[in-house]
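In: no letters, just coordinates:
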């Protein structure tokens, strides 16, 4: 049974392929927990103050004025129980508007049912233009909208309750919405496959609050961007009566409506309405149904169709076939709902296209033959057999033969018998003094770009972050790649201090952006390690930033600065920076190889950055260039990074220093000065052949990896960036031209001209997405 009165998203479960069951958390999940049957929370309504005789303030609750508009016998069966409950509630005032078919004699003058229930009718509006065709329906809507404003101005309701998908309800919702009256829609989110769907969903969009009956209806409301805080999964109100009705001791009632000889399960209930989107076909199908019933030769209680376009022709067919005077048929304009459900519960079968066959009949397991498309899409129990084409008498007759007097278990898709108390609590919980403007919950999407004079005068810019092992840098970078402001601090040695320092620097930069007339579009962060750019999380760090693992950067920064935040690996950022500001501007397929303390890179394919399945694409530093070789920081051997990175060159420089072969004439190294790659490069420039040999090995290793990339990915260009790019460039180019396939020899190898590739790459995360929506 659905979790009526509780959050649908709490109880909805999915079955995995391995048979395990997992909870599914809906992104809209919110306030339904408040409305479970045993834990309904009611907030105080507006308080009004009056003065007692001694001058003390007396706080009184202002009563909610709840106006319920009912249009026909069907919607009153759903709205009536709510109206009676409101009438009895001391904290609410019931107002009643009656319109539509209620006031037409041909349809039973069913407004009398409201009076019989002891309810006062505040306004009777004759809104039906007779004709029973499409034009008459439209004219009826217009007539209602002409009359309703005066009534609503007089009543001044806090909330207007409308039901379902009838055209009368559409006129009510449109009028109330334009008059700034809160609308509560009953039974939104359902589908039936006719014009009623369009009307129902239009009413949903006009309504501020929603009562739905099934989990699927609730899901559809969320899909239509309705606010979960304003939706109540209560179940169908008619089930409150269905599940408590005494339906077995009913022989007299059956004799009254079916005939003195009739017995339980020895008759059929027929109820078919026009389908306004295909009137001709629905009239033909109605005639075929009557022919099948005549042939089937059982007792039939047949109700007249509703007032939709086509109903006049259907009534004419009944008369042409002599249904009104046939001994097996008992035509009825209206049957009181409490008697109707007893007849349904004891029928041998129900046939037609009424929602009663889908909803009410299911509560008793009564067999149903559903004809045509009018209920297509509605949830049904196993008691319903669909005859969707229904284009021959024989097909309908065969369906009757299958279903008649068959036994089915009850289904509780539409309710558990406790809808009314939930709805009353929900209504009382509405704050009628809050702003009435309706909001929608759209899926996440980039904010639209709006222009005003300040934006035109401001420079579109990004806050760019370069999170390195030794230095933490924050810059303001313009859309043209100009660094407007740059601050650098030493990278703290623990995560808490790193985040605190980063936040301080970002806040400072945001303030400076105002003075520089820079409009900050977002924050881009370049960091070492493996990054999940979708979530903005650093998954695994390099050893250069010890402990920088499982760090959510997006959430705290976005919450603090109220800006979108993008995070990516430093190698990927180098590629993106090149794409926006460097040689990659006019290239759709290229690879950037970043040479620094480590070796990284990024691959642009068809104009987009390739991340890979686990966000580790283009981990170029760990491309194998030797079956054996120096040990890499990753734990392996023969990686490119163990030959060509700054760390590898530092290792070799220290080895030469230890052997006394690093320092040559013209070099000076302090006693406490740390030996780094720059000393190796300096020594090579001064003619040290052993230092130059180390650099050549690093260059050839880089060339070997690059040749593999050329053969596998066939890019149009390779861009070398970072500190060692100029040093390696010549040897890499020579090796490629000597050893690569002919098809790869012509690929351009270029040295990046970007002075700050990490910061420009981080800025491009923001600028490329926020201005062009391409990242």
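Out: Now that the structure is in, tell me what you want to look at. Computed from a predicted model, the values in this text were never measured in an experiment.
In: looking at this protein, which helix is longest?
Out: Longest helix in the chain, counting residues (DSSP state H): helix 689-713.
In: how far off centre is that one?
Out: 49 Å (CA atoms, centre = their mean, to the nearest Å).
In: so which bits of it are buried?
Out: Neighbour-count burial for helix 689-713, counted by 16 or more other CB atoms under 10 Å, picks out 690-692, 694-695, 697-710. Quick note: C-beta positions are derived from backbone N, CA and C, even for glycine.
In: tell me the helix or strand right after that helix.
Out: Next in sequence after helix 689-713, counting helices and strands by DSSP states H and E, comes strand 717-722.
In: quick check: next helix or strand after that following strand?
Out: Next helix or strand after strand 717-722 toward the C-terminus (DSSP H and E): helix 725-739.
In: so for the helix or strand following that following helix, what's the average pLDDT?
Out: Sequence-wise, the next helix or strand downstream of helix 725-739 (DSSP H and E) is helix 742-745. Mean pLDDT, taken over the full extent of helix 742-745, equals 87.
In: tell me which residues in helix 742-745 are buried?
Out: By neighbour count on 16+ other CB under 10 Å, the buried set for helix 742-745 is residue 744.
In: now stretch 174-193
Out: For stretch 174-193, using 16+ other CB under 10 Å, the buried residues are 174-177, 181-193.
In: what do you get for stretch 141-155?
Out: Neighbour counts over stretch 141-155 (16+ other CB under 10 Å) mark 141, 143, 144, 145, 147, 148, 151, 152, 155 as buried.
In: who are the contact partners of the first one?
Out: Residues in contact with residue 141, defined by CB atoms under 8 Å, 6 or more residues apart in numbering, are 167, 168, 170, 171.
In: which one of those residues sits closest to residue 536?
Out: residue 170 (44.5 Å; CB to CB).
In: setting aside sequence neighbours, what's the nearest residue to that closest one?
Out: residue 199 (5.1 Å; CB to CB, 6 or more residues apart in numbering).
In: now the closest residue to residue 551 other than its chain neighbours: which helix or strand?
Out: The shortest distance from residue 551 to any residue other than its chain neighbours is 4.3 Å, reached at residue 538 (CB to CB, 6+ apart). Using DSSP H and E, residue 538 falls within strand 537-540.
In: now that strand: buried residues?
Out: 537, 538, 539.
In: so what secondary structure elements neighbour that strand?
Out: Packing partners of strand 537-540 (3 or more CB pairs under 8 Å, 6 or more residues apart in numbering; DSSP states H and E): strand 530-532, strand 551-552.
In: deepest of the ones you listed, which one?
Out: strand 530-532 (a mean of 21; mean count of other CB atoms under 10 Å).
In: what's that strand packed up against?
Out: strand 537-540, strand 565-569.
In: confidence-wise, which of these is weakest overall?
Out: The stretch with the lowest mean pLDDT among those is strand 537-540, at a mean of 88.
In: how much space between the nearest residue to residue 403 once chain neighbours are set aside and residue 268?
Out: Spatially, and ignoring its direct neighbours in sequence, residue 403 is nearest to residue 367 (4.0 Å; CB to CB, 6+ apart). Plainly put, residue 367 is 10 Å away from residue 268 if you go by CB to CB, to the nearest Å.
In: swap in residue 256?
Out: The value you get for residue 256 to residue 268, if CB to CB is used, is 17 Å.
In: ok, the two, which is more surrounded?
Out: When residue 256 and residue 268 are compared for neighbours, residue 268 comes out ahead with 27 against 15, by other CB atoms under 10 Å.
In: wait, is the more buried one part of a helix?
Out: No - counting by DSSP: H, G, I helix; E, B strand; the rest coil, residue 268 is not found in a helix; it is strand.
In: I'd assumed residue 303 was in contact with it.
Out: No - Residue 268 lies out of contact with residue 303 (CB atoms under 8 Å); the separation is 11.8 Å.
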